[in-house]
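Provide a 3D model corresponding to the input given below.
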Amino acid sequence: MTAAAQRNLALGVIGNCAFNALIDAAGQIVWCCLPRPDGDPVFNALLAGQTDGAPLRGTCAVELENLAEARQSYVANTAILATELVDNQGNAVRITDFAPRFQDRGRTFRPLLLVRRIVPIAGRPHVRVRLSPTFHYGATQPSLTRGSNHIRYVHSTQALRLTSDMPLTYVLDGTLHLLDRPANLFFGVDETLGSGIGETARDFEERTAHYWQHWARALAVPLEWQEAVIRAAITLKLCTYEETGAIIAAMTTGIPEAPGTERTWDYRYCWLRDAFFVIRALNGISEVATMESYLRYLFNVVHSATARGHLQPVYGIGLEDMLGEHVVETLPGYRGIGPVRIGNQAFEHRQHDVYGHAVLAATQAFFDRRLLRAAGHDDYARLEWLGEQAFALFEEPDAGIWELRTSLHVHTSSAVMCWAACDRLAKIAAHLGLPERTRVWMERADTLRTAILERAWNDKRRAFASTFGGADLDASVLLMSEVNLLPPNDPRWRQTLDTIRSELKRGNHLYRYRTADDFGVPKMAFTACTFWYIDALVRVGATEEARGLFDGLMSARNPLGMLSEDIDPVTGELWGNFPQTYSMVGIINGATRLSRRWETVL
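Residues are numbered from 1 along each chain as shown. Prediction:
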């Protein structure tokens, strides 16, 4: 494991749609929140501030004596991660990590349980296992109790259990010992296993592999970049909280957007905007079950928002509408860069684009005949409130897509999504045979479109500006093409692309904007914006430029195919919360739009 790999978010992801864990290139579990993805990070070494060596707390590590080399890969088309450690004499072990997920007795079995299988594969390896969960964001160490094959880590908030066929004395004392036979570790909620340790580990691994491989087999992947698309799709699936249908924006909090910045946000919540992009990408490769699950969550949110008269941009994964933000003092931060924040102030914001994103996320459900429960008239009636809000608010100032904390404007991207809400409601009404409602929403969509084209256009800049009547550029106007507000051959659209290219593009990457916000001028390129730009290029026929940029982003992924929120356009280093759904969505969309068709090889 090189120093560059350590720095560049070289993390793998495992999970089962109930919880997740992040594993570094040496096989350490460095992040895992329990009992929910937005819960207490019982493994939190990722934010412990250390840059060299294994942290003493907040991790589960399998250390090989005299480590010389580490290799890591996923079992093909699964969420099962294999890490091989080799010492300077050629002795080696393999660590296989996964969270069980499979069908059992008519339901999906997804326990709050990590499984680690440690197998000697060459020579006589000597290993040390360090297991040191903490509670309250690293503030409190648990008290321990021991049984014949288990150790309980107890705190007032929850109790966790390690069950293992490895000598527990070695685990408790961190003893270096010869690994002369396979060992298995089960770590999670305080529950007993129903059968033998080794037998259960093998059975769970086989059934989990079977689940993911069959899930991946049903994806309608493009001819090119298949492995990247499948990995992105699995990662997006792992960002769902299946119990409620919520989709988190990322698995982490506190990873800064750049070194030396206070842009350290908690993304372990469900932004309706981000969720729409996930749904759209997965729908595009024929994975519609996630949409069906998410719509249960969305309609719950809409129900409560209708009563309150306001739709928030973000909610908790259990429908929580209060996400108060505060700083945690007990974790120094990623590479020592703080502050580490819990909660997100964005729940207080007015972000009017959210009405459009909510309607867009539900639209396919009215047209897709594959669904177990297609959306109908009752669902449409609930969506109309969103359209009413969108039409009433499109000219009102808001915090915008980038969630500005100290200034409000009439943002072009917000108005565009308000138009999308009206436009899609017209299409749904026509499909449902509601001519009067179709006329109403078409007229409203036309009104919004006219206002956007007149008030967002800046003739001096020869581009659509970030705000009505403004002059600053903002990559979010690229979404005008994404939602089909303008045809690709519109001269104003092509001029906008040219202006964005010259002012926001640096190398192979795009900035959100280059003006100062609440925290100064952004230092890093925003990966999703580069993907939006690639999509816009494809739509105008500039496929050669688009393909070059896409290949560059594929090269920027970490060794396991993951992307975070931001990229340093000079060094290619990854920054920001991880893995970022916005970014992983772009892999699927870009590959689908740029790939050669299957017919070219069949």
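
what about residue 175, neighbour count?
12 (other C-beta atoms under 10 Å). Placement of C-beta: from N, CA and C, glycine included.

Then the one 4 residues further on?
Using other C-beta under 10 Å, residue 179 has 21 neighbouring residues.

Who are the contact partners of it?
By C-beta atoms under 8 Å, 6 or more residues apart in numbering, residue 179 lies in contact with 93, 118, 120, 125-127.

now, the most widely separated pair of the residues you listed?
Greatest spatial distance among those (C-beta to C-beta): 118 and 126, at 12.3 Å.

So for the two, which residue has more residues nearby?
Neighbour totals were compared for residue 118 and residue 126, and residue 118 leads with 24 against 17 (other C-beta under 10 Å).

Could I get the contacting residues of the closest residue to that one other than its chain neighbours?
Among residues not flanking residue 118 along the chain, residue 183 sits closest, at 4.7 Å (C-beta to C-beta, 6 or more residues apart in numbering). Applying C-beta under 8 Å, 6+ apart, we find residue 183 in contact with 117-119, 164-166.

By neighbours, which of these wins?
In terms of neighbours by other C-beta under 10 Å, the contacts of residue 183 top out with residue 118 at 24 neighbours.

is it in a bridge, and if so with what?
residue 95, residue 183 (DSSP bridges).

Tell me who's in contact with it.
62, 93-95, 127, 129, 166, 179, 182-185.

Now list the buried members of these.
62, 93-95, 127, 129, 166, 179, 182-185 (16 or more other C-beta atoms under 10 Å).

just curious, which of these is nearest to residue 469?
For these, the nearest to residue 469 is residue 95 (57.5 Å; C-beta to C-beta).

Just after the one helix or strand in the chain whose mean pLDDT sits lowest, pick out the following helix or strand.
Least confident helix or strand of the chain, by mean pLDDT, DSSP states H and E, is helix 3-7 with a mean of 47. Per DSSP states H and E, the first helix or strand lying C-terminal to helix 3-7 is strand 11-15.

circling back to that earlier point, export the contacts of residue 118 to TSV and tack on pLDDT and distance to residue 342?
TSV is the format used below for the contacts of residue 118 (pLDDT from 0 to 100; distance: C-beta to C-beta, whole Å):
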residue	pLDDT	distance to residue 342
62	96	29
93	98	36
94	98	36
95	98	30
127	98	34
129	97	30
166	96	34
179	97	38
182	97	39
183	97	35
184	98	33
185	98	28
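
Return the closest of the residues you listed with respect to residue 484.
residue 95 (47.4 Å).

Residue 501 looks like it's in a helix, true?
Yes - with DSSP: H, G, I helix; E, B strand; the rest coil as the criterion, residue 501 is part of a helix.

residues near it, how many?
Residue 501 has 14 neighbours, counted by other C-beta under 10 Å.

Spatially nearest residue to it (excluding sequence neighbours)?
Residue 501 sits nearest to residue 533 (C-beta to C-beta, 6+ apart), 7.9 Å away.

Could you confirm that neighbour falls within a helix?
Yes - using three-state DSSP, the assignment for residue 533 is a helix.

show me the contacts for it.
Residue 533 touches 475, 478, 497, 500-501, 505, 510, 549, counting by C-beta under 8 Å, 6+ apart.

Could you tell me which of those belong to strands?
Secondary structure defined by DSSP state E assigns 505, 510 of the contacts of residue 533 to strands.

Which single one of the contacts of residue 533 is nearest to residue 397?
Nearest to residue 397 among these, with distances taken as C-beta to C-beta, is residue 475, at 20.1 Å.

list the contacts for the closest one?
With C-beta under 8 Å, 6+ apart, residue 475 has these contacts: 500, 504, 510-513, 526, 529, 532-533.

Now distance to residue 598 and pLDDT too, for those residues, in a markdown table please.
Shown next, in a markdown table, are the contacts of residue 475 (distance: C-beta to C-beta, whole Å; pLDDT from 0 to 100):
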| residue | distance to residue 598 | pLDDT |
| --- | --- | --- |
| 500 | 32 | 96 |
| 504 | 35 | 96 |
| 510 | 30 | 96 |
| 511 | 36 | 96 |
| 512 | 35 | 94 |
| 513 | 39 | 91 |
| 526 | 32 | 96 |
| 529 | 30 | 97 |
| 532 | 26 | 97 |
| 533 | 26 | 97 |
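
and these as a markdown table, adding distance to residue 75?
Conversion of the contacts of residue 475 to a markdown table gives the following (distance: C-beta to C-beta, whole Å):
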| residue | distance to residue 75 |
| --- | --- |
| 500 | 41 |
| 504 | 39 |
| 510 | 34 |
| 511 | 37 |
| 512 | 36 |
| 513 | 41 |
| 526 | 32 |
| 529 | 33 |
| 532 | 33 |
| 533 | 34 |
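
Closest one of those to residue 210?
For these, the nearest to residue 210 is residue 532 (36.6 Å; C-beta to C-beta).

So for that closest one, what's the nearest residue that isn't a sequence neighbour?
In space, residue 532 is closest to residue 478, 4.1 Å off (C-beta to C-beta, 6+ apart).

just checking, the one you found touches residue 500?
Yes - the criterion here is C-beta atoms under 8 Å, and residue 478 meets it with residue 500 at 7.1 Å.

okay, the two: which has more neighbours?
Per other C-beta under 10 Å, whichever of residue 478 and residue 500 has more neighbours is residue 478, with 26 against 23.

Show the pLDDT at that one.
On pLDDT, residue 478 comes in at 96.

need the contact list for it.
By C-beta under 8 Å, 6+ apart, the residues touching residue 478 are 500, 529, 532-533, 535-536.

same thing but at 6 Å, please
Residues near residue 478 by C-beta atoms under 6 Å, 6 or more residues apart in numbering: 532-533, 536.

Kindly report the same for residue 467.
409-411.

Helices of the stretch 501-602 of the chain, residue ranges please.
Shown for the stretch 501-602 of the chain, the helices assigned by DSSP state H, counting those that start in this stretch span residues 527-539, 543-556, 581-594.

Any idea which of those helices gets closest to residue 14?
helix 581-594 (15.3 Å).

Quick one: mean pLDDT for that closest one?
98.

quick one, it and helix 527-539 angle?
Helix 581-594 and helix 527-539 are oriented at 20 degrees to each other (axes from the mean of the first three to the mean of the last three C-alpha atoms, to 10 degrees).

quick one, strands of the stretch 101-250 of the chain?
Assigned by DSSP state E, counting those that start in this stretch, the stretch 101-250 of the chain shows strands spanning 102-104, 107-109, 113-122, 126-132, 143-146, 150-154, 159-164, 177-178, 183-189, 240-241, 246-247.

One more: the stretch 401-550 of the chain?
Under DSSP E, counting those that start in this stretch, the stretch 401-550 of the chain gives strands at 457-458, 463-464, 505-506, 509-510, 525-526.

Could you dump these into JSON lines and include mean neighbour count?
Output for these, formatted as JSON lines (neighbours: other C-beta atoms under 10 Å):
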{"stretch": "strand 457-458", "mean neighbour count": "18"}
{"stretch": "strand 463-464", "mean neighbour count": "26"}
{"stretch": "strand 505-506", "mean neighbour count": "16"}
{"stretch": "strand 509-510", "mean neighbour count": "24"}
{"stretch": "strand 525-526", "mean neighbour count": "26"}
